[in-house]
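S.K.: Okay, predicted coordinates and the sequence, questions at the end:
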Amino acid sequence: IFFSRMFGNSTRSHAIISFNADGEPTISVTKNYGKDGTTILSEVVADFAAVQFDDEGNIVGGDLDQKTYRWDQASNKRGTLRSHAIISFNTDGNPSVSVTTTYKKDGTTPVERTYADFALVNFDEENNIVGGILVQDTYRMNDDGTEGTKRSHVEIEFNTEGNPKKSTTTNYKRSGITPE
């Protein structure tokens with residue numbers, strides 16, 4: 001299945017989604033375009049292998065593995081890894097936690113890791129956000145690839161329409177303890 005999202009007269013993104021015999025998505029590859037609608041900026045690959053579905057095709061648990069790659073303009077193909085996210089779903093099909101690691105341009109050196117906790121976010125029956133607070137903590141990564149000190153703490157409050165109405169960010173000094 002192909003999907004394209006338009007912005008005015010320009011293509012913003014183009015996705016190819018593959019499905020298994022049960023009608024469940026197995027992999028999605030999305031190319032994101034610049035404002036001109038022709039320059040590819042990135043490619044996102046979502047792997048549904050560890051996502052659990054019910055008989056009606058609704059998510060009921062598991063983990064979505066999503067990788068975002070820079071686009072190599074010179075060779076016009078997928079470039080280095082920009083970020084890698086694992087999004088975990090609860091039995092209601094709502095995200096519960098996501099962990100995203102971002103990388104330097106070399107695609108192998110991690111820069112930071114963000115944990116998003118959806119425990120305080122409210123969802124309706126169609127899995128849309130209808131209120132609550134999303135909590136995100138971001139940590140610096142050490143040169144050896146291990147997690148370092150806290151960089152920031154963010155709380156995003158949503159209104160009943162699912163739109164952010166307030167965001168509070170605390171940035172931390174290198175120590176990870178003292179706010180800036």
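M.R.: Arrived safely, thanks for sending.

S.K.: Write down the beta-bridge partners of E147, one by one.
M.R.: M141 (DSSP bridges).

S.K.: List the contacts of it.
M.R.: Listed by CB atoms under 8 Å, 6 or more residues apart in numbering, the contact set of E147 reads 113, 139, 141. For the C-beta atoms, the positions are set from N, CA and C on the backbone; glycine is no exception.

S.K.: What's opposite the first one in the beta bridge?
M.R.: Read that as R113. Beta-bridge partners, per DSSP bridges, of R113: T101, Y139.

S.K.: That one contacts V99, correct?
M.R.: Yes - if you go by CB atoms under 8 Å, R113 and V99 touch, sitting 6.6 Å apart.

S.K.: if you count what's nearby, which of the two comes out ahead?
M.R.: Between R113 and V99, R113 has the larger neighbour count (other CB atoms under 10 Å), namely 19 against 14.

S.K.: residue contacts, the more buried one?
M.R.: Taking CB under 8 Å, 6+ apart, we find R113 in contact with 99-102, 138-139, 141, 147.

S.K.: of those, closest to I156?
M.R.: Using CB to CB, T138 is the member of the contacts of R113 that lies nearest I156, at 13.1 Å.

S.K.: Having no further points to raise, I will conclude here.
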